[in-house]
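Enquirer: What follows is a predicted protein model with its sequence.
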Amino acid sequence: MTTAEHAADTAVRPANPLTVRAFRNLWFNNVAFFLVLNAQRFVFGWLVLDGLLRKGAVGDIALRYYDAQGECIESEINDRIIGMSLEQIKQVPKVVGISGGPDKVSAIRAALRGEIVNVLITDSVTAEALLESDHG
């Protein structure tokens, strides 16, 4: 078994054969697309969200929450998600983040800073806000 196959197999629990095959395909492709979202989404409940925000969460990709430096925030949520971890996402050669709007600037900046995404699709207003926030 190759490293990519092993990573794909361990990314999926329980190991549903169809899901494992889908993850293996992702690992063998050179590009992955993800939405970059801010950490204000209600997904698992307000208490869980509040705990993530207290730990410094600014955004999430594939329900993997991260801080302003783009570092994964450890949480019980990580044990409930069937999918790739942020470290596994970073191993994909080209990770395209898709996001926009003023409420997503800190999440996008952190995803770029942490090298979770290395290509960004966004609108011009958000791009200008990212550039301004980096220089001022």
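Expert: Yep, that arrived.
Enquirer: Can you list the residue ranges for helices in this structure?
Expert: Using DSSP state H, the helices of the chain run over 3-11, 17-28, 46-54, 77-80, 86-90, 105-113, 124-135.
Enquirer: any idea how far the residue nearest the centre of the chain is from residue 128?
Expert: The centroid of the chain falls nearest to residue 61 when counting by Cα atoms, centre = their mean (2.4 Å). Here the distance between residue 61 and residue 128 works out to 22 Å (Cβ to Cβ, to the nearest Å). To be clear about C-beta, it is placed using only N, CA and C from the backbone, and glycine gets the same treatment.
Enquirer: pretty sure residue 70 is touching residue 112, no?
Expert: Yes - counting by Cβ atoms under 8 Å, a contact exists between residue 70 and residue 112, whose distance comes to 7.4 Å.
Enquirer: Which one's more surrounded, these two?
Expert: residue 70 (21 against 18; other Cβ atoms under 10 Å).
Enquirer: residues touching the residue nearest to the centre of the chain, list them.
Expert: In this structure, residue 61 makes contact with 34, 35, 36, 37, 86, 89, 97, 111, 116, 117, judged by Cβ atoms under 8 Å, 6 or more residues apart in numbering.
Enquirer: Who does it form a beta bridge with?
Expert: Applying DSSP bridges to residue 61 yields these beta-bridge partners: residue 64.
Enquirer: Check residue 94 too.
Expert: According to DSSP bridges, beta-bridge pairing links residue 94 with residue 31.
Enquirer: Tell me how many other residues crowd it.
Expert: By the other Cβ under 10 Å criterion, the neighbourhood of residue 94 contains 12 residues.
Enquirer: And the one 3 residues further on, by the same measure?
Expert: Neighbour count of residue 97, defined by other Cβ under 10 Å: 24.
Enquirer: coming back round to it: the helices of the chain: lowest mean pLDDT?
Expert: Looking over those, mean pLDDT reaches its minimum on helix 3-11, with a mean of 48.
Enquirer: Quick check: nearest residue in space to residue 35, chain neighbours excluded?
Expert: The shortest distance from residue 35 to any non-neighbouring residue, by Cβ to Cβ, 6 or more residues apart in numbering, is to residue 98 (5.5 Å).
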